[in-house]
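Novice: Got a predicted model here, sequence first, then my questions.
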Amino acid sequence: MTGRRAILGLMALLPFGSWSGFAEAASVPVPALDAPQGAMSVYHLGHSLVGPVMPHMLAQLAPTAHHWNSQLGSGTSLKEHWEPDLPIRDFEISNSAPSYRDARDAIGSGDYDAVVLTEMVELRDAIRYFGSAKYLRRWADLARNAPKAPRIYLYETWHNLDDPTGWLDRIDADLEALWVGRVLGSDSRRNPADPLYLIPAGQVMAAVARAAEAGEIDGLQRREDLFSDTIHLNDLGAYVIALTHFSVLYHQNPQGLPHLLTLPDGSQARAFSPEGAAQVQEIVWQVVTSVPRTGISEAAALK
């Protein structure tokens, strides 16, 4: 991984603020994945930090035949998705045709090239009270035992902007200690040759926020400009996370992708300026290629 370490060293010279969280994440080696050939079929399991908008945007960025389904809830844990006797909050309003497909049926079907698993936040509560590591293993094993096993990813998210510890501090500290160490830890030890990979969306959000607050993104001044409240994304934030998913899933630099996208209802999404979109795309690629656990190969990272 010498080249990846070189990238990390170069990041200290970049004008995008503190990058301390990435060096810690680089300590977790996983085998690189081959870049997918053509469009993917992707299943998203999670909650409102997935939402309907981000996967819809991802489909507009991806090759034309990209397909996705999901099962979502409000603040829903992996345990609540797994246990049939536990309610999924706001199930009826979070899931509708044609995107909805029952999670257990979908993930065990072998119909998907990638499965993206999302844990609830507050993450400390998820680990302490909702058995994050155990239920991640259960969902991952269901996918691994499918007739055609997909690539499996954990979507690293973020906490409330008003977190008393500090929003950026939590993102920096939680990646290695909680997401990789606690949520992924036991599955990684049991399946070293068949690991889960990481979509480092929290890291991307932190990097974009730092750049914005340093005056380095056209039209974006504050972290709050990416959110509709203290935790949920607005259209700009959803675009950032859709770019992140695209880059990790497809192993492609997002620079040059469209920035004028539609919402699920067909209306125009709020968009970055062309300059701002290009700046965000550059940051996304720098971040996802600095974290080995994304599965992006060294050769792809240098393209």
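Specialist: Looks like it came in fine.
Novice: so who does Arg144 touch?
Specialist: With contact set as CB atoms under 8 Å, 6 or more residues apart in numbering, Arg144 has these partners: Ile152, Asn191, Asp194. The C-beta positions use only the backbone N, C-alpha and C, and glycine is treated the same way.
Novice: Now a ChimeraX select for only the buried ones of those.
Specialist: To isolate the buried members of these in ChimeraX, using 16 or more other CB atoms under 10 Å:
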select :152
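Novice: Show me which of the contacts of Arg144 is closest to Asp235.
Specialist: The shortest gap between Asp235 and any of the contacts of Arg144 belongs to Ile152, at 28.3 Å (CB to CB).
Novice: Make sure the closest one is indeed in a helix.
Specialist: No - residue assignment for Ile152, taken from DSSP: H, G, I helix; E, B strand; the rest coil, gives strand, which places it outside any helix.
Novice: Would you map the strands across the chain?
Specialist: Listed from the start of the chain, the chain has strands (DSSP state E) covering 41-45, 67-71, 114-117, 151-156, 197-200.
Novice: how about these in JSON lines, adding mean pLDDT and distance to Phe272?
Specialist: Converted to JSON lines, the strands of the chain look like this (pLDDT from 0 to 100; distance: least, CB to CB, whole Å):
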{"stretch": "strand 41-45", "mean pLDDT": "98", "distance to Phe272": "23"}
{"stretch": "strand 67-71", "mean pLDDT": "98", "distance to Phe272": "23"}
{"stretch": "strand 114-117", "mean pLDDT": "98", "distance to Phe272": "24"}
{"stretch": "strand 151-156", "mean pLDDT": "98", "distance to Phe272": "22"}
{"stretch": "strand 197-200", "mean pLDDT": "98", "distance to Phe272": "20"}
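Novice: Determine which stretch of those is the most buried.
Specialist: Between those, strand 197-200 has the highest mean count of neighbours, a mean of 26, where neighbours are mean count of other CB atoms under 10 Å.
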